[in-house]
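> from the sequence below, what's the structure:
(chains A and B)
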2 protein chains.
Amino acid sequence: MEKAVSREELWNFTAEWKRRDCRVALVPTMGNLHEGHLALLRHARERADRTVVSIFVNATQFGPGEDFAAYPRTLEADLQVLESNGCDLAFAPTEACVYPNGLAGAVRVMASPSLSSILEGRNRPGHFDGVVTVVSRLFNLVGPDLAVFGEKDFQQLLVIRHMTADLGYPLAIESVPTVREESGLARSSRNRYLDEDQRAAAGGISAALQQAVRMLAQGADPGQVERAGTQQLAQRGLEVDYFAVRRAADLAVPEPGDTPLRVLAAARCGRTRLIDNMAAD
Amino acid sequence: MEKAVSREELWNFTAEWKRRDCRVALVPTMGNLHEGHLALLRHARERADRTVVSIFVNATQFGPGEDFAAYPRTLEADLQVLESNGCDLAFAPTEACVYPNGLAGAVRVMASPSLSSILEGRNRPGHFDGVVTVVSRLFNLVGPDLAVFGEKDFQQLLVIRHMTADLGYPLAIESVPTVREESGLARSSRNRYLDEDQRAAAGGISAALQQAVRMLAQGADPGQVERAGTQQLAQRGLEVDYFAVRRAADLAVPEPGDTPLRVLAAARCGRTRLIDNMAAD
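Numbering: from 1, shown residues only, chains lettered A, B, ... in the order given. Below you'll find the predicted structure:
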């Protein structure tokens, strides 16, 4: 496996691959890699000749009170995991590589207003602008033919699909289903913040989503499903930010008959904020 | 010469060129082509294997009271000029090609705050955000190895250089000196708005800039030079937006000893707003 931390190192590899007409897949991550990331890497390896996994904890997508400083940084372990899982190039840029004019002098990309102002965007103002600001930079730097994202961050996936198409990037966005623990808890780097009791309570999120999917299949109306899910999470001691039934295509509030749907939840478990979602018909 | 109006048509050509490892130059224009644009095309042809000239009057860089609707659109004549000057591909996209989610749903790119808030940016709020919003799209769509811009829009050139480096595009930005009429008037599509008297008065802009360059060479201080230039333009009946001596690298107000400098002017001649600039030591 190759490693690059600067633009010049990166371009040494990517320029050569392009000359050889290789199909390149990018998997953007913030590191602290787990089974969910490895599912993205496996998908990338199946679909491309060369895979780049980027590791960068991106300041611009964290809000003022959020966990940027505390976010787990485990670069050495991540590099070993990538090497033993067949990644071709680990791109672990410095902040000066991604933001050469500093954060204050950085050109910002503003996500779709309609997609970025709801759900996660309402709870984390500016979050998706930070996401598209860094992802568009990674697209420019790496120049991939496809990029792979997890369905765990479903709204992020839609925001990135929209940004990619709207800005005219000639690349495919592909997604991979959420990887879960046995309890159903979606794999996330933030799970490591949870103690044992919290981890048990957090398993309730996927249970509530599954119940919501069943209720919708049985014809319950979205409002009823949202109330039941919110109640179920509150009973587990979770503080619910939202439990929402939305249209899968654009996260709009569904009209009767709209399909497919997506059920999305965000809840705080102690000081840890967790999100998850599931597909529904 | 080939022509493309959609992404698919464009990518048919550019994908083939990339397979053949051709070096591609992009010349972004708003059409109504004149000698200034042809100098850009000549430069592009010297520096690349294939040249793309884009023609797109970009709504997002015009302010509410500005001349978007009136801006001269002369596509057929432009295509003939490009064909007879050795352009390989004329890319004249529809608005839906550049902004597939409409202007309201468009992802926006925000230019460097420090560069985009002064001079032209102060007089035309949002202008440079619109410029980088469209230029980054053209970079994504065309994927050029270099892009060529005129020094006539000197602040735009710096804003684009900053955006390109900051967002990590692996491409070179090259510039071409301003092409002038015999009177010294910088070539511009907006010159066609001028009547004969106005055109004579507008010639005073380059004369005032030349005088400023001479004064600076003789050791005059920037404040004195700015006052003299402003006065000279006012005497010609022009309404001056700014006449400014700035540091060429970043358009900051120069400290004593800073070189090189750039003298930049914007003035209204009747209802027509004209800009020009010259290098100084």
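
> buried stuff in stretch A:234-243?
A:236, A:238, A:240-243 (16 or more other Cβ atoms under 10 Å in any protein chain shown). (C-beta placed from N, C-alpha, C; glycine too.)

> same question, stretch A:26-42
For stretch A:26-42, the neighbour count (16+ other Cβ under 10 Å) marks A:26-34, A:36-42 as buried.

> span of that stretch from start to end?
12 Å (Cα to Cα, to the nearest Å).

> do it and chain B meet at all?
No: applying Cβ under 8 Å from any Cβ of the partner chain, one finds stretch A:26-42 separated from chain B by no less than 12.8 Å.

> which one of the buried residues of stretch A:26-42 is nearest to A:Ala59?
Comparing those against A:Ala59 with Cβ to Cβ places A:Met30 closest, at 10.8 Å.

> residues near the residue nearest to the closest one when sequence neighbours are not counted, how many?
Using Cβ to Cβ, 6 or more residues apart in numbering or on different chains and skipping the chain neighbours, the partner closest in space to A:Met30 is A:Val57 (4.8 Å). Counted with other Cβ atoms under 10 Å in any protein chain shown, the neighbours of A:Val57 add up to 19.

> which of the buried residues of stretch A:26-42 fall in strands?
A:26-29 (DSSP state E).

> could I get the residues you listed as JSON lines with pLDDT?
Formatted as JSON lines, these follow (pLDDT from 0 to 100):
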{"residue": "A:Leu26", "pLDDT": "98"}
{"residue": "A:Val27", "pLDDT": "98"}
{"residue": "A:Pro28", "pLDDT": "98"}
{"residue": "A:Thr29", "pLDDT": "98"}
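
> and these, which two are furthest apart?
A:Leu26 and A:Thr29 (10.1 Å).

> what parts of chain A come near chain B?
Checking chain A against chain B by Cβ under 8 Å from any Cβ, the hits are A:7, A:11, A:18-19, A:21, A:98-101, A:104-114, A:132, A:136-138, A:140-141, A:143, A:162-163, A:165-170.

> ChimeraX command to pick out the buried ones of those residues?
Buried residues among these (16+ other Cβ under 10 Å), as a ChimeraX selection:
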select /A:7,11,18,98,99,100,106,107,108,109,110,111,112,132,136,137,138,140,141,143,162,163,166,167,168,169,170
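
> of the residues of chain A next to chain B, which belong to strands?
A:108-110.

> tabulate the buried residues of stretch A:234-243 (CSV), appending pLDDT and distance to B:Val176.
Putting the buried residues of stretch A:234-243 into CSV (pLDDT from 0 to 100; distance: Cβ to Cβ, whole Å) gives the following:
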residue, pLDDT, distance to B:Val176
A:Arg236, 95, 66
A:Leu238, 97, 61
A:Val240, 98, 59
A:Asp241, 97, 53
A:Tyr242, 98, 53
A:Phe243, 98, 58
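
> looking at these, which is nearest A:Glu66?
For the buried residues of stretch A:234-243, the nearest to A:Glu66 is A:Asp241 (13.2 Å; Cβ to Cβ).

> quick one: that closest one is in a strand?
Yes: counting by DSSP: H, G, I helix; E, B strand; the rest coil, A:Asp241 falls inside a strand.

> how far away is it from B:Val57?
Going from A:Asp241 to B:Val57 by Cβ to Cβ, to the nearest Å gives 44 Å.

> and for A:Arg124?
Taking Cβ to Cβ, one finds A:Arg124 at 37 Å from B:Val57.

> A:Gly237 too?
58 Å.

> ok, A:Ser116 next?
28 Å.

> nearest residue to the middle of chain A?
A:Asp153 (3.9 Å; Cα atoms, centre = their mean).

> can you confirm it is in a strand?
No: counting by three-state DSSP, A:Asp153 is not part of a strand but helix.

> for A:Arg246, what are its contacts?
Contacts for A:Arg246 (Cβ atoms under 8 Å, 6 or more residues apart in numbering or on different chains) come out as A:119, A:252-254, A:261-264.

> are any of these buried, and which?
A:119, A:254, A:261-264.

> so which of the residues you listed belong to helices?
Among the buried ones among the contacts of A:Arg246, none falls in helices (DSSP state H).

> please identify which of those is nearest to chain B.
A:Leu119 (17.4 Å; Cβ to the nearest Cβ).

> and the pLDDT for A:Asp281?
Here, the pLDDT recorded for A:Asp281 equals 87.

> I figured it was touching A:Ala217, is that so?
Yes: if you go by Cβ atoms under 8 Å, A:Asp281 and A:Ala217 touch, sitting 6.2 Å apart.

> in chain A, mark out all the helices, start to finish.
Under DSSP H, chain A gives helices at A:7-19, A:35-47, A:75-84, A:95-98, A:113-116, A:120-123, A:127-142, A:154-166, A:196-217, A:222-235.

> what's the mean pLDDT across the second one?
Taken as a whole, helix A:35-47 has an average pLDDT of 98.
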